[in-house]
Each structure stands twice: as structure tokens, then as C-alpha cells.
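Undergrad: all I have is the shape, not the residue letters:
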């Protein structure tokens, strides 16, 4: 995550440096127009900023969806009444496994928040669906935790 932040920041700084350069330079009697080169370099920096933030957004969304899917699947599985002793045993074992994994699941929240904070820092717009999933994460976690 830190490398995403550093790389995007570096590309933003390079973009600002390039935009700060003069469009033309005069060397002795030759005037050099750098408009196309400057535009190309700025576009290159913008493309890389977008690629890096897009990849970070894609990774964050996947982790967010994975957490919601984990809550949804296991809630459905554990709230379904067992039909026989085997399914009861499987449900009890799954419940024990999940109880043991609760601290590990909760540890995934801080990095996910950090990813979305980094995206916000670079003014990346997230979808409404993504926003809703992020807003409902804590509520779903609390509901899942109370099972």
C-alpha cells in the first residue's frame, strides 16, 4: 500500500515538474518547441497515476467483496437448520472454525480502510455499490460476530 502511495505521489510530482517547464527554449539561434514532448510526458504521468489507483481500487473492491461474501455465505450456512447429524456436526465445526478465525478476519479491516483512505487522498471516485458495501461492512461484521 505504501508503494502505491509513493508511486502515485512520485508521478504527480513529475507531472507538476513537467508542467512547470517552459514550452519553448532558445539555444543560440535555434528555438525549440517542446509542446508535444511536454504533453506526451504529462499524459504518461496521468496514465500511470490512473493505472496505479485503478489497480489499488480493484484490489480494495475485491477484498471488500470477499469479506461480504464470507459473511453472507457463512451466515446462510449457519442459520440453515440441520437436517441430520452430519450436517449438525459440520455446522458446529464451521462455527468453531469461524470463532477461531474472528481475530484474523477483523485484522483485514484496517488495511482495507487504509486502501480506501489512499484512494480518497488521490480523489479516486468509487462506485455507489462500492460505497454501500463499505458503509455496511461494520454493520454486517457486528451481525456476523453476534451469531
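TA: Everything's here; your move. Keep in mind that what you see is a predicted model, and the values were worked out from it rather than measured. Numbers count the residues shown, from 1 in each chain.

Undergrad: what residue lies at the spatial centre of this structure?
TA: For the chain, residue 60 is the residue whose C-alpha lies nearest the centre (C-alpha atoms, centre = their mean; 2.4 Å).

Undergrad: so what pLDDT did that residue get?
TA: Per-residue confidence (pLDDT) for residue 60: 95.

Undergrad: now the element after the helix or strand hosting it, going C-ward?
TA: For residue 60, the host element (DSSP states H and E) is helix 35-79. Using DSSP H and E, the next helix or strand after helix 35-79 towards the C-terminus is helix 85-107.

Undergrad: before we move on, back to that, contact partners for the residue nearest to the centre of the chain?
TA: When contacts are counted by C-beta atoms under 8 Å, 6 or more residues apart in numbering, residue 60 touches 112, 115-116, 119. Every residue, glycine included, has its C-beta placed from N, CA and C.

Undergrad: return a PyMOL selection command for the buried portion of the residues you listed.
TA: To isolate the buried subset of these in PyMOL, counting by 16 or more other C-beta atoms under 10 Å, use the following:
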select buried, resi 112+115+116+119
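
Undergrad: and the gap between the residue nearest to the centre of the chain and residue 109?
TA: Here the criterion is C-beta to C-beta, to the nearest Å. By it, residue 60 lies 12 Å from residue 109.
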